[in-house]
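Q: here's a sequence, model it:
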Amino acid sequence: MLQMKYISYYRVSTKKQEKSGLGLDAQKTAVQNFLDKESILIAEYQEAESGKDNERPQLIRAIEHCKSTGAVLLIAKLDRLSRNAAFILTLRDSKIEFVCADMPTANSVTIGIMAILAQDERERISHRTKVALAELKTRGVNLGSPQNLTNESRSRSIEVRKNNALEDENNRKATAMIILMKDSGKSLYFISNQLNENGFKTRNGKEFNQMTVKRLYDRYVNNK
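A: Purely as a prediction, here's the structure:
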């Protein structure tokens, strides 16, 4: 049997993470778990870049390598891709075949929707942050001063950021699939079953039902 050829791409956010292997080992494990006996990993590319930086020379090399060998680009996690919509759409338009280990059913349409949602959320977060900082400044708060943070508030802030990141990722993936199926005429009942069968979870780690599907879809429609 002909082996399926893959080329993997890994990204970490900083040079420090790249050296320490923080996050990289998890990506490599996800790739290895995805591969089977009929698969062969012919090359690996990795780089340390900001999540909003479109300059990804190693990714470009990986794409060109895929084109020249007919290999499939294998990405461990969708959130390792840039959150810039134009960047992901460039990947989609590169005409190479790709697959994401954490979401094998994703295709060019799916990531196109996810890219737009992610870019929109990023811009909203940026706007909210600027408004909040401006408000604090008018109140005379010394922004960026370590004295303003207790150990408890630091720990709580870290935990909140971790939970929000996970919830955003889960909601972003689920919303992309919901929009795709809803706009093709699928019922809320059908969509919730499909999400549950494919291992999707709500922000609270529970299975989807018709109401949670409707809530995410309405949120997308109202925020467009």
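Q: check which element follows the least confident helix or strand in the chain by mean pLDDT along the chain.
A: Sorted by mean pLDDT, DSSP states H and E, the helices and strands of the chain end with helix 15-20, the least confident at a mean of 55. Counting by DSSP states H and E, the next helix or strand C-terminal to helix 15-20 is helix 24-34.
Q: buried residues in the next helix or strand after that next one?
A: Remark: after helix 24-34, the chain's next helix or strand is strand 39-48, criterion DSSP H and E. For strand 39-48, a neighbour-count test (16 or more other CB atoms under 10 Å) marks 41, 45-48 as buried. Every C-beta, even on glycine, is put in place using the N, C-alpha and C of the backbone.
Q: and the angle for strand 39-48 with helix 24-34?
A: Strand 39-48 and helix 24-34 are oriented at 160 degrees to each other (axes from the mean of the first three to the mean of the last three CA atoms, to 10 degrees).
Q: contacting residues around strand 39-48?
A: With CB atoms under 8 Å, 6 or more residues apart in numbering as the test, strand 39-48 has contacts from 3-15, 17-18, 24, 31, 35, 56-59, 61-62, 65, 69, 71, 74.
Q: just the buried ones from the residues you listed, in ChimeraX syntax?
A: Here is the ChimeraX selection string for the buried members of these, based on 16+ other CB under 10 Å:
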select :4,5,6,7,8,9,10,11,12,18,24,31,56,58,59,62,65,71,74
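Q: can you give me the helices in the chain?
A: Along the chain, the stretches classed as helices by DSSP state H are 15-20, 24-34, 57-69, 85-92, 108-138, 151-182, 188-197, 210-223.
Q: just checking, what packs against the third one?
A: Using 3 or more CB pairs under 8 Å, 6 or more residues apart in numbering; DSSP states H and E as the contact definition, the elements that helix 57-69 packs against are strand 4-12, strand 39-48, strand 72-75.
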